[in-house]
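K.L.:
kindly generate the corresponding structure for this input.
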Amino acid sequence: MADSDLDLGEPVEREGHETLLPSVTRSVLSNKSFVASELGAALGEEAPPLPEAPAGAPGDVPAPERQRGARPGDVVGGRYIVEGQLGRGGMGRVLRVRHQALGKAFALKLIKSAIATNPRIRELFYREARLASALTHDNICSIVDFGQDEQFGLFMIMEILEGQTVAGKLRHTGKLSAKVACDVMWQVADAVRFIHSRQILHGDIKTENIFMVRTPAQRRLIKLLDFGLARADLGRTDGIDGTPEYLAPERIDGAPASQASDIYALGIVFFELLTGNMPFTGPLKDVFRQQREVDVPAPSKIIEEPLDERADHMIARATAKDPAQRHPDVQAFMYELRTLMGMLGMDSGGGRRRALAGDGVRERRELDHRVKAAAEVFGSVPLPMASCDPAGRVRAANHAFLEFLGAAGDAGGLELRDSALPEIYPALFEDLASVIANRRPIKRVLYLNEGADRVIEAAIVLSAAPSRSEVTAGEVHIVVHPLRSLLT
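P.N.:
Coordinates of the predicted model:
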């Protein structure tokens, strides 16, 4: 194609990102929008103008009500067979399931229907699930899939873990020894350090969200769970996100989650591990008052066994009422923890992990870099790109695709049927189903109004995700590419 064919004028720029195409929302509401045609068939031939899009903002369509709870033998998400229940929590049930094709067992979290129908909670669910699924770390529970089942509602697929939560461990055996507490804290802090380096906050660090895994080698392996998902259960905190007993004072006063508030929660958890109790308990009003006004007690004054005063100092600093007085980042918290572990005759995990994992740390770091690089390229490329299921539910989309649809925020919870795209591409859902069924790509041409009697001819390509894809298998990849600019 000649360079002149790509003369599309100045790119549209919003919030530091460029897209080569005008918003499809603007196009479909104009009088110069055209339907999709097959690629290569009479390029440039105009179709009749489309009527205006129906009123109503995207996302107004309510989620289907769940008929009943999932039972053994039911299939969730079209591919996960329920085998039994693993647990129940504030957000919903956790089930043991098996992938139909892979035969592999997973843990499936079903979100309560009463919670899942709340638009804000649905948005939180998709956002947090997408963030968590992109993370690869030894101490983070892997999220491998998520979505919505028409009968059973929102679900999330996680690696299945054998063991118990730290909260359960404390209830059964009481406080941990200083060495065990430090080992648990080191692994939790390393997970939090990792997510903070990706500009992700947890927002609900607590012993219920820390899991002790039983491994064949009898190594103590800690997994951090639920990235912010518990924040959606707001009933008992009067609209404040988080668990009151671990909540930083500034968050009680309405400030958003931050690295400093995650560090505050780490300090509360460390106190709980060393003493077996929470520093602040009682009715919600009393807990909030203590979080604002009362300093966390020194663990060495509570427990009978000798404890280095560095532990008292660490917890006091991490739980300072003023965020500016806390550790500046998790690395600083881990530096003090490493010093304490050295005083206890521990190697702070480094040597032990190297002996167990060999080059695993370096390999994981290299993998993290590759994953981050791929995400940065995907997010910043100016061509609209996305992945969705055959029903048009979007799993991932770059900034250009969101701009193309005229969608605000991120791809979490986005459904193509709620956008203007079907108006100019009536065969969209038929093509999505065809791509999945036949495993052959489909190419179409769209005509998009840019204003001032200027129309952009663009190709849209639908292709099936490779069956070996870990996350997007069974989905369709979408790419939109401008071809040439036309005058009308």
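K.L.:
mind checking how far the residue nearest to residue 100 when sequence neighbours are not counted is from residue 157?
P.N.:
Among residues not flanking residue 100 along the chain, residue 79 sits closest, at 4.9 Å (Cβ to Cβ, 6 or more residues apart in numbering). In short, each C-beta sits where N, CA and C put it, glycine included. Applying Cβ to Cβ, to the nearest Å, the value for residue 79 to residue 157 is 9 Å.
K.L.:
looking at those two, which is more packed in?
P.N.:
Counting neighbours by other Cβ atoms under 10 Å for residue 79 and for residue 157 shows that residue 157 has the greater number, 24 against 16.
K.L.:
helices or strands next to the host helix or strand of the more buried one in the packing?
P.N.:
According to DSSP states H and E, residue 157 maps onto strand 153-158. In this structure, strand 153-158 packs against strand 105-111, helix 113-116, helix 119-133, strand 143-149, with contacts taken as 3 or more Cβ pairs under 8 Å, 6 or more residues apart in numbering; DSSP states H and E.
K.L.:
the following helix or strand past it: which residues count as buried?
P.N.:
Using DSSP H and E, the helix or strand that follows strand 153-158 in sequence is strand 163-165. Residues of strand 163-165 classed as buried by neighbour count (16 or more other Cβ atoms under 10 Å): 163, 165.
K.L.:
pull up the overlap in contacts between residue 79 and residue 157.
P.N.:
The contact sets of residue 79 and residue 157 do not overlap (Cβ atoms under 8 Å, 6 or more residues apart in numbering).
K.L.:
picking that back up, residues contacting the strand holding residue 157, please?
P.N.:
Taking Cβ under 8 Å, 6+ apart as the rule, strand 153-158 contacts 63, 66, 76-77, 80, 97, 106-111, 113, 116, 122, 125, 129, 141-149, 225, 229.
K.L.:
repeat that for 6 Å
P.N.:
When contacts are defined by Cβ atoms under 6 Å, 6 or more residues apart in numbering, strand 153-158 is touched by residues 66, 76-77, 106-111, 113, 116, 125, 129, 141, 143-146, 148-149.
K.L.:
whichever of the residues you listed end up buried, select them in PyMOL.
P.N.:
To isolate the buried members of the contacts of strand 153-158 in PyMOL, using 16+ other Cβ under 10 Å:
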select buried, resi 66+76+77+106+107+108+109+110+111+113+116+125+129+141+143+145+146+148+149
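K.L.:
ok so, going back, parallel or antiparallel, which strands does the strand holding residue 157 pair with?
P.N.:
Here strand 153-158 is paired, per DSSP bridges, with strand 105-111 (antiparallel), strand 143-149 (antiparallel).
K.L.:
okay, the angle between that strand and helix 119-133?
P.N.:
Relative orientation of strand 153-158 and helix 119-133, computed by axes from the mean of the first three to the mean of the last three Cα atoms, to 10 degrees: 20 degrees.
K.L.:
heads up, I number from 459, so please use that
P.N.:
Sure, I'll start counting at 459 from here, so that last one is strand 611-616.
K.L.:
hey, C-alpha coordinates of strand 611-616 in PDB?
P.N.:
Provided in PDB are the C-alpha atoms of strand 611-616 (Å, rounded to 0.1, in the frame of the first residue of the first chain):
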ATOM      1  CA  GLY A 611     -22.700 -15.400  37.600                       C
ATOM      2  CA  LEU A 612     -19.200 -13.900  38.000                       C
ATOM      3  CA  PHE A 613     -16.400 -16.400  38.500                       C
ATOM      4  CA  MET A 614     -12.600 -16.500  38.900                       C
ATOM      5  CA  ILE A 615     -10.300 -19.500  38.300                       C
ATOM      6  CA  MET A 616      -7.300 -19.900  40.500                       C
END
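K.L.:
dump the residue contacts of residue 545.
P.N.:
Contacts for residue 545 were tallied using Cβ under 6 Å, 6+ apart; they are residue 552.
K.L.:
look up phi and psi at it.
P.N.:
phi -180, psi 180 (degrees, to the nearest 10).
K.L.:
and the residue nearest to residue 558, its phi and psi?
P.N.:
Geometry field for residue 537 lists phi and psi as phi -150, psi 0, criterion degrees, to the nearest 10.
K.L.:
got the strands paired with strand 611-616 as a markdown table, with mean pLDDT and distance to residue 901 columns?
P.N.:
Putting those into a markdown table (pLDDT from 0 to 100; distance: least, Cβ to Cβ, whole Å) gives the following:
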| stretch | mean pLDDT | distance to residue 901 |
| --- | --- | --- |
| strand 563-569 | 89 | 35 |
| strand 601-607 | 86 | 27 |
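K.L.:
in which helix or strand would I find residue 902?
P.N.:
strand 900-909.
K.L.:
what residues of that strand count as buried?
P.N.:
If you call a residue buried by 16+ other Cβ under 10 Å, then strand 900-909 has these buried ones: 900, 902-908.
K.L.:
cool, and stretch 618-635?
P.N.:
By neighbour count, and taking 16+ other Cβ under 10 Å as the criterion, the buried residues in stretch 618-635 are 618-619, 621, 623-625, 627-628, 633-634.
K.L.:
greatest separation within these: which pair is it?
P.N.:
618 and 633 (28.5 Å; Cβ to Cβ).
K.L.:
nothing else from me, thank you.
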